[in-house]
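Asks: The sequence and its predicted three-dimensional model are supplied below.
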Amino acid sequence: MVAFLISAVAVSLSGVMAPGPVTAATLAAGARSRHAGALIALGHAAVEMPLILLLAAGIGAFFRSPAVKAGIGLVGGAVLILMGVQLLLSLRQSTTEGEATVERHPFMIGVVLTGANPYFLFWWATVGLTLATQAAEYGAIALLIFAVVHWCCDLVWLE
């Protein structure tokens, strides 16, 4: 069990430390709020924890389907492109000094960018699926410990 947790941390870091929209948003939000990373990590966990439970319960076969992988890539990619276009359009709008701007709450940033990130879904459909099923083989407590350890990797990286 200890050897599994050590390898789970090492493997988890491959997903956690991959540069992407969550990391970029954390850097931007961190400039405005010292603990934005922790709130983004909580939003990330709000998407990730139910997914871990579903994978351990056997939904992994669904995610292995080539059609599902293609659908995840297309929908997630479309959402990320839409967000990029919205960002570019917002740059064209001028803001005057003192004008209030709408900022997203870091928790919601974590939820949206995690759920819309195809890399996140592919990682859990492959590498994460293996980790979750191995943890589940040790029992429910081991699965819980794995989920907490994995989330701590997210928290340390984002905070």
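Replies: That came through, no problem.
Asks: Where does the prediction get shaky in this structure?
Replies: The model of the chain has pLDDT under 70 over residues 94-103.
Asks: Helices of that one, start to end?
Replies: 2-16, 21-30, 36-54, 60-64, 66-92, 106-115, 118-123, 129-138, 140-158 (DSSP state H).
Asks: can you list contacts of the fourth one?
Replies: Counting contacts by C-beta atoms under 8 Å, 6 or more residues apart in numbering, the residues outside helix 60-64 that touch it are 55, 68-69, 72, 121, 124-125, 129, 132-133. No exception for glycine: its C-beta is placed from N, CA and C like everyone else's.
Asks: okay if I get the helices of the chain as CSV plus mean neighbour count?
Replies: Listed next are the helices of the chain as CSV, based on neighbours: other C-beta atoms under 10 Å:
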stretch, mean neighbour count
helix 2-16, 15
helix 21-30, 18
helix 36-54, 20
helix 60-64, 14
helix 66-92, 12
helix 106-115, 21
helix 118-123, 19
helix 129-138, 18
helix 140-158, 18
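Asks: Report the central residue of this protein.
Replies: The structure's the chain has its C-alpha centroid closest to Thr114; by C-alpha atoms, centre = their mean the separation is 3.7 Å.
Asks: Would you confirm that that one contacts Trp124?
Replies: No: using C-beta atoms under 8 Å as the test, Thr114 is too far from Trp124 to be in contact (10.2 Å).
Asks: Now for the two: what residues contact both?
Replies: Jointly contacting Thr114 and Trp124 under the rule C-beta under 8 Å, 6+ apart are Glu48.
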